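Student: fold the stuff below for me.
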Amino acid sequence: MRVFLTGATGFIGSYIVPELLAAGHHVVGLTRLDAGAAALVAAGVEPYRGDIEDLASLTRGAASCDGVIHTAFDHDFTTFVANCQKDARAIAALGSGLVGTGKPFVITSSTAMGSATPGDPASENVFAAHSPNPRVASELAGQALLERGIHVITLRNSQIHDTCKQGLVSDVIALAWEKGVSAYVGDGSNSWSAAPVSDTARLYRHALERNEIGARYHATAEAAISFREIAETIGETFGLPVMSVRADEAGAHFSWLTAFVSKDMSASSTLTRERLGWNPDGPTLHADIRAMRRYREGSGCAPVGGGGLRAKRDETQERGQ
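Tutor: Numbering: from 1, shown residues only. A predicted model of the protein is given here:
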């Protein structure tokens, strides 16, 4: 299958590339920079010059392939609402190149969209269409394409991790290092879900190959990890004290992360495992945090191993999870 992959040089996309190639697929990777194109060629990927805001290029790229996986997303949370709307436009443009074809189109969302009410574990059979979370725009765009008969498949991500990145946990680690303390809110009993990026990449491939129109899958290996446990692992790994922050003090300590750190973001992947035979076997979130090289302010984090495309990520296409 000739697969158009956006975010091909990003965190998740750089793991999807070898997964698709090993399965015999030909990968066409979206990139707007010379450095990104060179990294793709070196990895055995056909570069496609374009940008997630160049909607016409997205439509052409999708139309030229047998299937699409869309992972590109701007993770600058200072402009999160605008970025979610930008993602919705990109999804609409990609889908326009697939009208009437029956080709699979895998879009990316968050497990938060599967929680019927705040605090409930997310389920694949739930779509919180009226969620106040701006990321709902991505799934609403996908829903509009489904109504046009386009084979949209939604893959919802938990905190996706390796030894370098851990979704929002990476930002929590950076803040802990900056503040000199690893904190949680209240008793820290609210839980987050997580999945290794290698298992997540395999799930994207399974979703593409299955091509079940309207399906929703959860990249969730660990359903519920208490935020206190996450904070304690961060403290242990980086030699930082661990403390509780009162709810009324959370904003001052966590800044923009406040909207996430006190929320329950647990999720089930029972239906995903049953439908796709997906059995994640990668490291736990705690294991990947402990395996990180020491975080240094201003230098980010280097993975313990690896290289190639994953060492040459085009961060302008996809920042983080």
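Student: number of nearby residues for the closest residue to residue 159 other than its chain neighbours?
Tutor: For residue 159, ignoring the flanking residues on the chain, the nearest one in space by C-beta to C-beta, 6 or more residues apart in numbering is residue 167 at 3.4 Å. In short, each C-beta sits where N, CA and C put it, glycine included. Residue 167: 25 surrounding residues under other C-beta atoms under 10 Å.
Student: correct me, but residue 167 touches residue 193?
Tutor: No - at 9.8 Å, residue 167 does not count as touching residue 193 under the criterion of C-beta atoms under 8 Å.
Student: touching both of the two, which residues are there?
Tutor: 158-159 (C-beta atoms under 8 Å, 6 or more residues apart in numbering).
Student: list the contacts for residue 15?
Tutor: 197-198, 200-201, 310.
Student: so which residues of the stretch 51-200 of the chain form helices?
Tutor: 55-63, 80-96, 136-146, 168-179, 197-210 (DSSP state H, counting those that start in this stretch).
Student: run through who's touching the third one.
Tutor: With C-beta under 8 Å, 6+ apart as the contact definition, helix 136-146 has outside contacts at 84-85, 87-89, 91-92, 95, 105, 107-109, 113, 127-130, 152, 154, 213-214.
Student: one more: the second one?
Tutor: Residues from elsewhere that reach helix 80-96 (C-beta under 8 Å, 6+ apart): 4, 6, 52-53, 55-56, 58-59, 61-62, 68, 70, 72-76, 105, 107, 134-138, 140-142, 144-145, 148, 150, 152.
Student: out of those residues, which end up buried?
Tutor: Buried members of the contacts of helix 80-96, counted by 16 or more other C-beta atoms under 10 Å: 4, 6, 52, 55, 58-59, 61-62, 68, 70, 72-75, 105, 107, 135-138, 140-142, 145, 150, 152.
Student: hmm, back to that, in PyMOL, select just the buried ones from the contacts of helix 136-146.
Tutor: Applying 16+ other C-beta under 10 Å to the contacts of helix 136-146, the buried members can be selected in PyMOL as follows:
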select buried, resi 84+87+88+91+92+95+105+107+108+109+113+127+128+152+154
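Student: for residue 204, give its distance to residue 257.
Tutor: Going from residue 204 to residue 257 by C-beta to C-beta, to the nearest Å gives 27 Å.
Student: among the two, which residue is more densely surrounded?
Tutor: Shown here are residue 204 and residue 257; by other C-beta under 10 Å, residue 204 has more neighbours (26 against 17).
Student: quick one: the more buried one and residue 155 touch, right?
Tutor: Yes - in this structure, residue 204 is within contact of residue 155 by C-beta under 8 Å, at 6.0 Å.
Student: quick check: neighbours shared by the two?
Tutor: Between them, residue 204 and residue 155 share these contacting residues under C-beta under 8 Å, 6+ apart: residue 106.
Student: show me where the chain has its strands.
Tutor: 2-6, 26-31, 46-49, 67-70, 104-110, 151-157, 159-161, 182-185, 191-196, 216-219, 222-226, 242-245 (DSSP state E).
Student: strand partners (parallel or antiparallel) of the fourth one?
Tutor: Which is strand 67-70. Strand 67-70 pairs in its sheet with strand 2-6 (parallel), strand 104-110 (parallel), by DSSP bridges.
Student: let me have those strands in a markdown table, adding mean pLDDT and distance to residue 243 as columns.
Tutor: Converted to a markdown table, the strands paired with strand 67-70 look like this (pLDDT from 0 to 100; distance: least, C-beta to C-beta, whole Å):
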| stretch | mean pLDDT | distance to residue 243 |
| --- | --- | --- |
| strand 2-6 | 98 | 40 |
| strand 104-110 | 98 | 28 |
